[in-house]
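In: kindly return the folded structure for what I paste below:
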Amino acid sequence: MATIVIVDDDPSILELVKINLEMQGHTVITAPDGETGYALVQQHRPQLVILDVMMPGVDGYTVCQRIRKNQDINEVPVLMLTALGVVDDKVKGFDVGADDYLVKPFEIPELMVRVRALLRRYSSTPTSTVTEILNVGDITLIPENLEVKIVDKKCKLTPTEFEILNCLVQNHGQAISLGKLLQDVWGYSPDDDVETIRVHVRHLRSKLEKAAPDRKYIETIYGGGYRLHPTGIS
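Out: Residues are numbered from 1 along each chain as shown. Below is the predicted model of the structure:
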């Protein structure tokens, strides 16, 4: 079972989520504002942070940015829980480092699915998910460090980016749908949440292209999906 920090200025949301997570056996720590929440994340180093966006003082975007910049806690998964639901708000959340995004009002079963998916991904050792190919073309996966080597240059990936790249590597040369990526990496495939995968793939693609500026490794497939080209496209 996991230690989970919930940060929300709505006491009713805090209590609702806390009770349901504790019923699953988790240890839950709550905070009513961003400043307190960030301090508790530093103190307890939880396995998951559930973070509201709109709070007085320090908002959720800022807290998430601080977590990602702190080397001691920067790999903890962050689930944004907010009333903001338009695409631009989701993109901003992912851009500051959120792993997933759930819009209020939400159903508790949906929250539990996302919590389980995040905990599964982050509690598993990377080597347990990399079952077959570790090297293809220019690309070598280094699961113990969550790194990828492109020819002779290494770059650090987030656990989410690593899982996405691993899925593409295992299926290299094939078109992989957004739904399959969501299912394999997140553990669910909602029809209306493709922006989740698109933003993470954009970040992953950017890192690969910094390592090899003259090559493009991830092709966007018309109609929704991606294909990995192991030796890149000029």
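In: next SSE after the lowest-mean-pLDDT helix or strand in the chain?
Out: With mean pLDDT, DSSP states H and E as the measure, the helix or strand of the chain carrying the lowest mean pLDDT is helix 126-129 (a mean of 46). Of the helices and strands lying after helix 126-129 in sequence (DSSP states H and E), the nearest is strand 135-136.
In: what helices or strands is the top strand by length along the chain leaning on?
Out: If you go by DSSP state E, the chain has its longest strand at strand 226-233. The contact analysis (3 or more C-beta pairs under 8 Å, 6 or more residues apart in numbering; DSSP states H and E) places strand 226-233 against helix 159-170, strand 175-176, strand 216-220. C-beta: built from backbone N, CA, C; applies to glycine.
In: what's the closest of the ones you listed to residue 47?
Out: Across these, residue 47 has its closest neighbour in helix 159-170 (11.8 Å, C-beta to C-beta).
In: could you dump the longest strand of the chain to CSV, C-alpha only?
Out: What follows is strand 226-233, C-alpha atoms only, in CSV (Å, rounded to 0.1, in the frame of the first residue of the first chain):
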residue,chain,number,x,y,z
TYR,A,226,2.4,6.9,-33.6
ARG,A,227,5.1,4.8,-35.2
LEU,A,228,8.7,4.5,-34.0
HIS,A,229,11.5,4.6,-36.7
PRO,A,230,14.5,3.0,-34.9
THR,A,231,17.1,4.6,-37.1
GLY,A,232,15.2,7.9,-37.5
ILE,A,233,14.0,9.9,-40.5
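In: rounded mean pLDDT for it, please.
Out: Average pLDDT, strand 226-233: 92.
In: direction included, what does that strand pair up with?
Out: Sheet neighbours of strand 226-233, with direction, are listed as strand 175-176 (antiparallel), strand 216-220 (antiparallel) (DSSP bridges).
In: flag every buried residue along that strand.
Out: 226-229, 232 (16 or more other C-beta atoms under 10 Å).
In: next: stretch 69-81.
Out: With burial defined by 16+ other C-beta under 10 Å, the residues of stretch 69-81 counted as buried are 73, 76-81.
In: just the closest of these to residue 198, please.
Out: Checking these one by one against residue 198 (C-beta to C-beta), the nearest turns out to be residue 80, at 16.0 Å.
In: quick one: the closest one from residue 121, how far?
Out: Distance, residue 80 to residue 121, by C-beta to C-beta, to the nearest Å: 16 Å.
In: residue 218 reaches residue 200, doesn't it?
Out: No: checked against C-beta atoms under 8 Å, the pair residue 218 and residue 200 is beyond contact range at 11.3 Å.
In: who's more crowded, those two?
Out: Shown here are residue 218 and residue 200; by other C-beta atoms under 10 Å, residue 200 has more neighbours (22 against 19).
In: hmm, who's touching the helix or strand hosting residue 197?
Out: Using DSSP H and E, residue 197 falls within helix 194-211. Contacts of helix 194-211 from elsewhere in the structure, counted by C-beta atoms under 8 Å, 6 or more residues apart in numbering, are 87, 90-91, 94-95, 100-101, 148, 150-151, 153-155, 157-158, 160-161, 164-165, 178, 181-182, 185-186, 215-218, 224, 226.
In: ok, stretch 14-21 next?
Out: Counting contacts by C-beta under 8 Å, 6+ apart, the residues outside stretch 14-21 that touch it are 4, 6, 8, 28, 30, 32, 50, 81, 108, 111-112, 115.
In: which of the residues you listed lies closest to residue 172?
Out: In terms of C-beta to C-beta, no member of the contacts of stretch 14-21 lies closer to residue 172 than residue 115, at 31.1 Å.
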